[in-house]
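Engineer: Need a 3D model of the following:
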Amino acid sequence: MDGEDDALNPMMEEMYANGIGGVDEAPSASTSTTARRNRPIISGEQLDIEAYAGLYTGRTKIMRLIFIADHCDNPGMQLEALRMAYDEIKKGENTQLFREVVQKIDGRLGPNYSMDSTWCTMVDRKAEQRKEKLENELNAYRTNLIKESIRMGYNDFGDFYYAHGALGDSFKSYGRTRDYCTTSKHIIQMCLSAILVSIEMGQFTHVTSYVSKAEQTPEALDPPAVAKLRCAAGLAHLEAKKYKLAARKFLEVGLELGNSYSEVIASQDVATYGGLCALASFDRTELKTKVIDNINFRNFLELVPEVRELINDFYSSHYASCLEYLGNLKSNLMLDIHLHDHVETLYDQIRSKALIQYTHPFVSVDMRMMADAFKTSVAGLEKELEALITDNQIQARIDSHNKILYAQHADQRNATFQRVLQTGNEFDRDVRAMLLRANLLKHDYNLRASRKL
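Structural biologist: Below is the predicted model:
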């Protein structure tokens, strides 16, 4: 590689340290890289379903377990996830979801995890009685026109429907409490309840709407509520593939979140979602100031060391190590209910950014060494670079015979002269316009023209 300037030598040494063996100029960097490669990567192990499920509560815990069972290729993990989902559902009242899980188990877990018709009948009977009682109470509240009681009645109905899996009815009931909210705290409670159900239904347009409504009453927002709203907004942006906006929201989540939003998201998810979205969408400066130097977000990253390390490796131009971490994380990320559909897109964007960042400082790059750094073949790398050049993300041309990438940097001297000439022309035009106006005013041209009219 031929550098543009001697000042680029430290960066060149860093980039030579990306798995490129036999570089005499920087033996210490190569040695340190070997050590980095040999360190254990926990994320490469099979997902610990019990530990993972322990991060969540309520319906999202069950839905995440079912998602793992549906998308995992390991039969043992599938059955473990279904077993835990079965046990968790039996603690609640959702008989419809129970029947679905029993159907998925299909007798593979023995008689203890088969269809329990007695339990379903008992739960459904209690549900009918509970529903009738809630209807009678709500009718009485409406008759007496007590706003707070009516609000509580609709809220109880929302909780009831949510517990039994009727998410549409639950959302409607929570929405009806809005007309009976008498304080700002009531509005926040209504918004958070509607957001919870909307996330479960996958209706992220509703999530964005209710986050905005809640933010319009800042006087009633305590730090945990603010953290929950930012998580919800981040999930909505993630679902819409607005990765930069999603990253910003997750990076703003405060430590007050803790385990308080386990019915939706865990602190580890905030680090993973925020870190990957930031890598895919932030430039180098933003990555440094908003992620690496962000003391608040650093505490979240400590919960997921693999994400922290890959971010640091990316910023330090240790691309081989960064891509190795990403490769080991991928199988587990594909089992995440919110991130599953975005893993491939995020990985492609991160890899493209790494390729662009690698080539940027140099006049020419040996594609064989670059392919070694990115753990790919020269032919595969050439295709990737062709796509980036076509998209105008890299200004360069490829010498396919010698396998060298030549940068096409702009002629800075010519560009400077052109800017100077343009500025001079603009100054000349402005001065002529000022002189013309001054002469017009001097000779009362405007006044005489107005008199003629």
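
Engineer: Can you get me a residue count around Thr345?
Structural biologist: A count of nearby residues for Thr345, using other CB atoms under 10 Å, gives 12. Where you see a C-beta, it was placed from the backbone N, CA and C, and this is true even at glycine.

Engineer: Same question for Gly202.
Structural biologist: 11.

Engineer: how close does it sit to Ile62?
Structural biologist: Look at Gly202 and Ile62: by CB to CB, to the nearest Å, they are 15 Å apart.

Engineer: Over to Asp341?
Structural biologist: Going from Asp341 to Ile62 by CB to CB gives 20 Å.

Engineer: more neighbours, those two?
Structural biologist: Using other CB under 10 Å, the more surrounded residue of Asp341 and Ile62 is Ile62, with 25 against 13.

Engineer: residues in contact with the more buried one?
Structural biologist: Residues near Ile62 by CB atoms under 8 Å, 6 or more residues apart in numbering: Ala85, Glu88, Ile89, Asn94, Leu97.

Engineer: now swap in Met77 and tell me
Structural biologist: Gln46, Leu47, Ile49, Ile68, Ala69.

Engineer: Backbone torsions only: list them for the second one.
Structural biologist: Here the main-chain torsion angles of Leu47 (degrees, to the nearest 10) amount to phi -60, psi 130.

Engineer: Could you say which helix or strand holds the closest residue to it other than its chain neighbours?
Structural biologist: Once flanking residues are discounted, Leu47 sits nearest to Asn332: 4.9 Å by CB to CB, 6 or more residues apart in numbering. For Asn332, the host element (DSSP states H and E) is helix 319-333.

Engineer: Show me which helix runs longest in the chain.
Structural biologist: Counting residues, the longest helix found in the chain (DSSP state H) is helix 412-442.

Engineer: quick one: average confidence on that one?
Structural biologist: Across helix 412-442, the average pLDDT comes to 88.

Engineer: can you give me the helices for the stretch 51-200 of the chain?
Structural biologist: Secondary structure of the stretch 51-200 of the chain (DSSP state H, counting those that start in this stretch): helices at 58-71, 75-89, 95-105, 117-144, 147-163, 167-176, 184-201.

Engineer: now the ones you listed as a markdown table including mean pLDDT and distance to Val304?
Structural biologist: Below are the helices of the stretch 51-200 of the chain laid out as a markdown table (pLDDT from 0 to 100; distance: least, CB to CB, whole Å):
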| stretch | mean pLDDT | distance to Val304 |
| --- | --- | --- |
| helix 58-71 | 92 | 17 |
| helix 75-89 | 91 | 20 |
| helix 95-105 | 92 | 29 |
| helix 117-144 | 90 | 38 |
| helix 147-163 | 91 | 30 |
| helix 167-176 | 92 | 30 |
| helix 184-201 | 92 | 21 |
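
Engineer: Any idea how many residues pack against the residue nearest to Met190 when sequence neighbours are not counted?
Structural biologist: Distances taken as CB to CB, 6+ apart place Thr177 nearest to Met190, at 5.0 Å, with adjacent residues excluded. Thr177 sits with 23 neighbouring residues when counted by other CB under 10 Å.

Engineer: got it, and the one 3 residues further on?
Structural biologist: Residue crowding around Tyr180 was assessed by other CB under 10 Å; the count is 19.

Engineer: quick revisit: quick one: the helix holding Asn332 to chain centroid distance?
Structural biologist: 17 Å (CA atoms, centre = their mean, to the nearest Å).

Engineer: for stretch 203-221, same thing?
Structural biologist: How far stretch 203-221 lies from its chain's middle: 19 Å, per CA atoms, centre = their mean.

Engineer: Would you mind putting the CA coordinates of it into PDB?
Structural biologist: Listed in PDB are the C-alpha atoms of stretch 203-221, where the atom choice follows Å, rounded to 0.1, in the frame of the first residue of the first chain:
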ATOM      1  CA  GLN A 203     -48.500  -2.200  15.200                       C
ATOM      2  CA  PHE A 204     -45.500   0.200  15.500                       C
ATOM      3  CA  THR A 205     -47.300   3.100  14.000                       C
ATOM      4  CA  HIS A 206     -49.500   3.100  17.100                       C
ATOM      5  CA  VAL A 207     -46.300   2.900  19.200                       C
ATOM      6  CA  THR A 208     -44.900   6.100  17.600                       C
ATOM      7  CA  SER A 209     -48.200   7.900  18.000                       C
ATOM      8  CA  TYR A 210     -48.600   7.100  21.700                       C
ATOM      9  CA  VAL A 211     -44.900   7.900  22.500                       C
ATOM     10  CA  SER A 212     -45.500  11.400  21.000                       C
ATOM     11  CA  LYS A 213     -48.700  11.800  23.100                       C
ATOM     12  CA  ALA A 214     -46.800  10.800  26.300                       C
ATOM     13  CA  GLU A 215     -44.000  13.200  25.500                       C
ATOM     14  CA  GLN A 216     -46.500  16.100  25.300                       C
ATOM     15  CA  THR A 217     -46.900  15.800  29.100                       C
ATOM     16  CA  PRO A 218     -43.300  16.100  30.300                       C
ATOM     17  CA  GLU A 219     -44.300  17.300  33.800                       C
ATOM     18  CA  ALA A 220     -45.600  13.800  34.600                       C
ATOM     19  CA  LEU A 221     -42.700  11.900  33.200                       C
END
